[in-house]
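Enquirer: Task: produce atomic coordinates for the following.
(one chain, ligands or ions: 1)
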Amino acid sequence: MRALLALTLSVLAACAIAPEPAPRWSIVVHGGAGIIERANLTPELESQYRAAMQRALDTGGGILESGGSSLDAVEAVIREMEDDPLFNAGRGAVFTAEGRNELDASIMDGRTRAAGAVAGVTTIRHPISAARAVMERSRHVMLVGEGAETFARSQALEEVAPSYFFTERRWQQLEENLRANNLPIPEPPAGAPSAPRAELAYPDDHQFGTVGVVAYDQHGNIAAGTSTGGTTGKRWGRVGDAPIIGAGTYAQNGICGVSATGTGEFFIRVGVARDICARMQFNGESAQEAADHVIADVGALRNNAGQPGDGGVIVLDGEGRFAWAMNTPGMYRAQLSAGGEPVVQIFADEQ
Ligand code: GLY
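Expert: Reported below is the predicted structural model:
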């Protein structure tokens, strides 16, 4: 009897400490965090977001299942999200106070820790591909503004007119933001469609809405990428965390991959993505523990207006196990591992 009890206890203990088995491949995606609550998301819009997150898993999972690289999966999923006006990246990005879309993106290859980023670009259809081109075809890590656009042109990346990124939803958010701050309302970009004003029922995600992907492929390589339009009404060439390696994006094989979304200033101050990886590498924290610690750290900071840091992260550990954390009411997020069931969630209290 005593032997049976001892055996039962040792089996239970082993189950309690055994880490989840490592998946063959995995992918985790976010579409931004913010004041996303059931009360301010219509059922139609909620299902559009859930479908978009499922599409992201289908695209990325398809590449990883067929043996493709984590870098290809990250780039392909983010390109699709940059084309989807639901998200604050590429088409559908938020506007600066001057009525422009200034886009930021970064990507990192965990195999080599090579990285590339662009900031403040206005005519590159897919900023994530420009970031990858910087990583793979230049000696630099970050290019900004016109220089980044000249480089992208030299690499034959697709250019569009600035009005391509225009959406009525984001324009109305800009007008609201400028009125609240007693700032003048600029003219919309030349060529922007002048559709009749509709009542737009979107949640208050316009501070965030960044997109990001972390993937782990069948060769054990991790990649991470992030793309954003930044924050509504940003001024003076403001750049957030998304294109900053170590703040919005980080990847290191065997350790971690991270992409962040939130008020970038706080994420830069904490060095969120690198701090999560350092906690996992040097403190032995799990992906979930590290993500929770660092989001708590973000939330403990204040800006000059006394506001706390807010946002979220998605994380993979060195063997492709996922975690996410946020201190906002919601974050569009999704995860899939080889042979597993897709997980698509929006609200913070979803399990
Ligand atoms: N997290 C995106 C930004 O602050 O620009």
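
Enquirer: what residues are up against the closest residue to Ile244 other than its chain neighbours?
Expert: Closest residue to Ile244 apart from its sequence neighbours, by CB to CB, 6 or more residues apart in numbering: Ile268 at 5.9 Å. Placement of C-beta: from N, CA and C, glycine included. By CB atoms under 8 Å, 6 or more residues apart in numbering, the residues touching Ile268 are 240-241, 244, 247.

Enquirer: What about the ligand: which of the residues you listed touch it?
Expert: Restricting these to those touching the ligand (CB under 6 Å from any ligand atom) yields 240-241.

Enquirer: Show me which of the contacts of Ile268 is closest to Trp171.
Expert: Among the contacts of Ile268, Gly240 lies closest to Trp171 (CB to CB), at 20.2 Å.

Enquirer: what's the nearest residue to that closest one if we skip its chain neighbours?
Expert: Gly264 (2.4 Å).

Enquirer: same check, this time on Glu20
Expert: Of all residues not flanking Glu20 in the chain, Arg321 sits nearest, at 5.6 Å (CB to CB, 6+ apart).

Enquirer: any idea how far Thr249 is from the residue nearest to Ile244?
Expert: Plainly put, Ile268 is 12 Å away from Thr249 if you go by CB to CB, to the nearest Å.

Enquirer: Then Asn221?
Expert: 15 Å.

Enquirer: so which strand or helix has Val28?
Expert: strand 26-34 (DSSP states H and E).

Enquirer: That strand: partners in the sheet, and parallel or antiparallel?
Expert: Partners of strand 26-34 in the sheet, by DSSP bridges, are strand 211-216 (antiparallel), strand 330-337 (antiparallel).

Enquirer: Which one, of these, ends up nearest to Pro43?
Expert: Between Pro43 and these, the tightest spacing by CB to CB is seen for strand 330-337, at 15.0 Å.

Enquirer: wait, what's in contact with the closest residue to Asp275 other than its chain neighbours?
Expert: Nearest residue to Asp275 in three dimensions, chain neighbours excluded: Val294, at 5.2 Å (CB to CB, 6+ apart). Val294 makes contact with 270, 272, 275-276, 279, 313, 325, according to CB under 8 Å, 6+ apart.

Enquirer: Please flag which of those sit within helices.
Expert: Members of the contacts of Val294 lying in helices (criterion: DSSP state H): 270, 272, 275-276, 279.

Enquirer: Closest to the ligand out of those?
Expert: Comparing the ones in helices among the contacts of Val294 against the ligand with CB to the nearest ligand atom places Val272 closest, at 9.7 Å.

Enquirer: Can you give me the distance of the most centrally placed residue in the chain to Tyr250?
Expert: Nearest residue to the geometric centre of the chain (CA atoms, centre = their mean): Gly212, 2.5 Å. Using CB to CB, we find Gly212 at a distance of 11 Å from Tyr250.

Enquirer: anything in contact with each of the two?
Expert: Residues touching both Gly212 and Tyr250 (CB under 8 Å, 6+ apart) are Ala224.

Enquirer: can you give me phi and psi for the residue in the stretch 51-200 of the chain that the ligand sits nearest to?
Expert: Relative to the ligand, the nearest point of the stretch 51-200 of the chain is Asp104 (6.3 Å; CB to the nearest ligand atom). Main-chain torsions, Asp104, degrees, to the nearest 10: phi -130, psi 150.

Enquirer: Is Ala133 in a helix, a strand, or coil?
Expert: Classification of Ala133 using DSSP: H, G, I helix; E, B strand; the rest coil returns helix.

Enquirer: Once you drop chain neighbours, what's closest to it?
Expert: Nearest non-adjacent residue to Ala133, counting by CB to CB, 6+ apart: Gln155, 4.6 Å away.

Enquirer: And for the one you found, the neighbour number?
Expert: 16 (other CB atoms under 10 Å).

Enquirer: That one against Ala131, yeah?
Expert: No. In this structure, Gln155 is not within contact of Ala131 by CB atoms under 8 Å, at 11.4 Å.

Enquirer: What residues does the chain have near the ligand?
Expert: The chain has residues 210, 228, 230-231, 240-242, 261-264 near the ligand, with proximity defined as CB under 6 Å from any ligand atom.

Enquirer: Compare the contacts of Ile268 and tell me which is most surrounded.
Expert: Neighbour-wise, the contacts of Ile268 (other CB under 10 Å) top out at Asp241, 31 neighbours.
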